[in-house]
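# I need the structure of the sequence given here:
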Amino acid sequence: MNKNHPVYHSLVARLESLWEQYRQHPSERNRYRLVRQEQLIAQWVAASDLPSPTLSPRGRAPAPAPT
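The predicted structure follows:
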């Protein structure tokens, strides 16, 4: 799937929405949903095409929510 594909744009938009939810309400559930969306995108997009700036900071999964 290339970066101009409408499904790619939809997946990235959902990822950005999940990031915003996680920033506002850090919880394990929101973190799980965020990581699953990243994994879904990674299944369909070449690693070099992953939207790393919109993904987690420094390109890795977010830190667990404080308990």
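
# pLDDT on stretch 41-57, on average?
Here stretch 41-57 scores 64 as its mean pLDDT.

# distance of Pro6 relative to Gln39?
20 Å (CB to CB, to the nearest Å). Bear in mind the C-beta positions are built from the backbone N, C-alpha and C, glycine included.

# let me redo that: His9
Taken as CB to CB, the span from His9 to Gln39 is 18 Å.

# likewise His5?
Taking CB to CB, one finds His5 at 18 Å from Gln39.

# list the buried ones in the lengthiest helix in the chain?
The longest helix of the chain (DSSP state H) is helix 6-24. The neighbour-count check on helix 6-24 (16 or more other CB atoms under 10 Å) flags 8, 11-12, 15, 18-19, 21-22 as buried.

# nearest to Arg31, out of the residues you listed: which one, please.
Tyr22 (6.1 Å; CB to CB).

# quick one: which helix or strand includes the residue lying closest to that closest one once chain neighbours are set aside?
Excluding its sequence neighbours, the residue lying closest to Tyr22 (CB to CB, 6 or more residues apart in numbering) is Asn30, at 4.4 Å. Per DSSP states H and E: Asn30 is located in helix 28-44.
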